[in-house]
Each structure stands twice: as C-alpha cells, then as structure tokens.
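K.L.:
Please find the sequence and the predicted model below.
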Amino acid sequence: MRVIAWLVEGTWPACVDAVRGHAPDTSEVVLLHVSGAEVPAVAHGAFAGLLGRGHPERDPGDRLADLGGASAAGLLEAAAARLGRPCTLLERAGRAEREVVAAAGDADLLVLARDGDRDRLGPRSLGPAVRFVVDHAPCPVLLVWPEAAPDLTTLPPPPPPHEGRPHDEPDHLGPGRPGPPPSKPSHGEPPHPGRPPRHR
C-alpha cells in the first residue's frame, strides 16, 4: 500500500499523525511538500527588468529559491522524525494542487488537511487548492482536521418540513413542481366505472 501525505506549513503535523494512525506498518509512506514557484519567478523577472542579465550572481530569485528549498527540507525532516518509521521524502515545485494530483497517480491513499476557514464549518473550510485535489485525486483521499475535529453539537438544525407534506414523505418532485398529469383512459377501458366504452 502506497500512502502519500501532502504536507503544508502549519497543518502538516495532523497529516503525519493521520498516517501513523491509519496506514498499516507495511505501507510505503511518501511525505510530499510542494514549493510554489511564483515568488522566485517574480523576483527573477523584476531583477532582469531592472538590471538586465549581466550579473546573474546578484539575482534575488535564486536566493529566494534556496531559502524555500531549505525551509521545505527542514519541514520534511521534522515530519519524518514525527512519523518515526521509514518513509520517502519528496519535494516538488509548481502549482501545489496540480503537483499533488500528479504525485498521487500511483498512490493507494492520499492524506491532506483542510486549508480553509476552519472556524466556519461547511464548504468554506476547504480552500481552492484542497478542493481541487479532493475533486481530481486519482485515489481515495483522507481529509483531516488540523485541530481537533468538531463534535456533534456543531450540527445545524434540520430544515423545516415542507408545508402540506408529512415529515417522513420524501420530496421527490421538489418544491413548487406539480405532479404528473392524470393518465388518459385507453380505448379498451371505460372512461368511468360502470359505463361502457363509446364506439365510433
């Protein structure tokens, strides 16, 4: 079983703990971090526009890329220590959501954490990147809360029953939709009980 955990600053401990708790000991575990290429690219472009390309050793984009790589390496090493079992450390660069989906192509399970507004339960607790991965992942996904999961008291009240319909009757037609028109009697059946059919 191949398990990939997508690690992001601030939420990665929850993903590592989920792997420890749910992945069998015999699993092949990959700890994945994706570094965005946007900031170094902007710095490269600004430097080239201001000073030209005559002094590449002064390009701040390279320095930013080095700092980002060192930060990612430190995060992956801390995650491996927390996991406490053999694993593979994988660093990729690019659009995070697309890199994660690509990396999960041969995975049996993908572990990731919510990245949205976790104070407001519902769709807003997922940011665009995690929503993209959940929608397009080619394998089962284990979505974890970075903090303690909410308890059952956070469930909203049920919606009020539809007026004029019993509580336990499902609304197949939807609100405001009329039912099907009454069927017309066939030629072989009398239009009214007890009245013979009319022949032309």
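P.N.:
Thanks, I have the structure now.

K.L.:
give the contact list for the nearest residue to residue 112 once chain neighbours are set aside.
P.N.:
Spatial nearest neighbour of residue 112, excluding adjacent residues (CB to CB, 6 or more residues apart in numbering): residue 6 at 4.4 Å. Heads up, the C-betas are built off the backbone N, CA and C, glycines and all. Residue 6 makes contacts with 15, 32, 33, 34, 100, 110, 111, 112, 113, 133, as judged by CB atoms under 8 Å, 6 or more residues apart in numbering.

K.L.:
can you check residue 32 too?
P.N.:
Here residue 32 is in contact with 4, 5, 6, 7, 90, 91, 92, 100, 103 (CB under 8 Å, 6+ apart).

K.L.:
6 Å instead?
P.N.:
If you count contacts by CB atoms under 6 Å, 6 or more residues apart in numbering, residue 32 has them with 4, 6, 90, 103.

K.L.:
Could you give me the buried positions within stretch 88-96?
P.N.:
89, 90, 91, 92, 93, 95, 96 (16 or more other CB atoms under 10 Å).

K.L.:
what two of the residues you listed are the furthest from one another?
P.N.:
Farthest pair in the buried residues of stretch 88-96 (CB to CB) is 89 and 95. Separation: 20.4 Å.

K.L.:
Show me which positions of the longest strand along the chain end up buried.
P.N.:
If you go by DSSP state E, the chain has its longest strand at strand 28-35. Using 16+ other CB under 10 Å as the test for burial, strand 28-35 gives 29, 30, 31, 32, 33, 34, 35.

K.L.:
Next SSE downstream of the helix or strand containing residue 5?
P.N.:
Element membership of residue 5 [criterion: DSSP states H and E] is strand 2-6. Remark: after strand 2-6, the chain's next helix or strand is helix 12-22, criterion DSSP H and E.

K.L.:
quick one: buried residues of that following helix?
P.N.:
Across helix 12-22, burial judged by 16+ other CB under 10 Å covers 12, 14, 15, 16, 18, 19.

K.L.:
what's the spacing between the residue nearest to residue 112 and residue 119?
P.N.:
Residue 6 sits 22 Å away from residue 119, going by CB to CB, to the nearest Å.

K.L.:
Send me stretch 88-106 as PDB with only the CA atoms.
P.N.:
Extracted in PDB, the C-alpha atoms of stretch 88-106 (Å, rounded to 0.1, in the frame of the first residue of the first chain):
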ATOM      1  CA  THR A  88      10.400   8.700   1.400                       C
ATOM      2  CA  LEU A  89      10.800  12.500   1.300                       C
ATOM      3  CA  LEU A  90       9.600  14.100  -1.900                       C
ATOM      4  CA  GLU A  91       9.900  17.800  -2.800                       C
ATOM      5  CA  ARG A  92       8.200  19.200  -5.900                       C
ATOM      6  CA  ALA A  93       7.800  22.700  -7.300                       C
ATOM      7  CA  GLY A  94       5.000  24.300  -9.200                       C
ATOM      8  CA  ARG A  95       1.200  24.700  -8.700                       C
ATOM      9  CA  ALA A  96       0.700  22.900  -5.500                       C
ATOM     10  CA  GLU A  97      -2.700  21.400  -6.300                       C
ATOM     11  CA  ARG A  98      -1.600  20.000  -9.700                       C
ATOM     12  CA  GLU A  99       1.700  18.700  -8.400                       C
ATOM     13  CA  VAL A 100      -0.200  16.800  -5.600                       C
ATOM     14  CA  VAL A 101      -2.600  15.200  -8.000                       C
ATOM     15  CA  ALA A 102       0.200  14.200 -10.300                       C
ATOM     16  CA  ALA A 103       2.200  12.700  -7.400                       C
ATOM     17  CA  ALA A 104      -0.800  10.700  -6.300                       C
ATOM     18  CA  GLY A 105      -1.100   8.900  -9.700                       C
ATOM     19  CA  ASP A 106       0.200   5.700  -8.300                       C
END
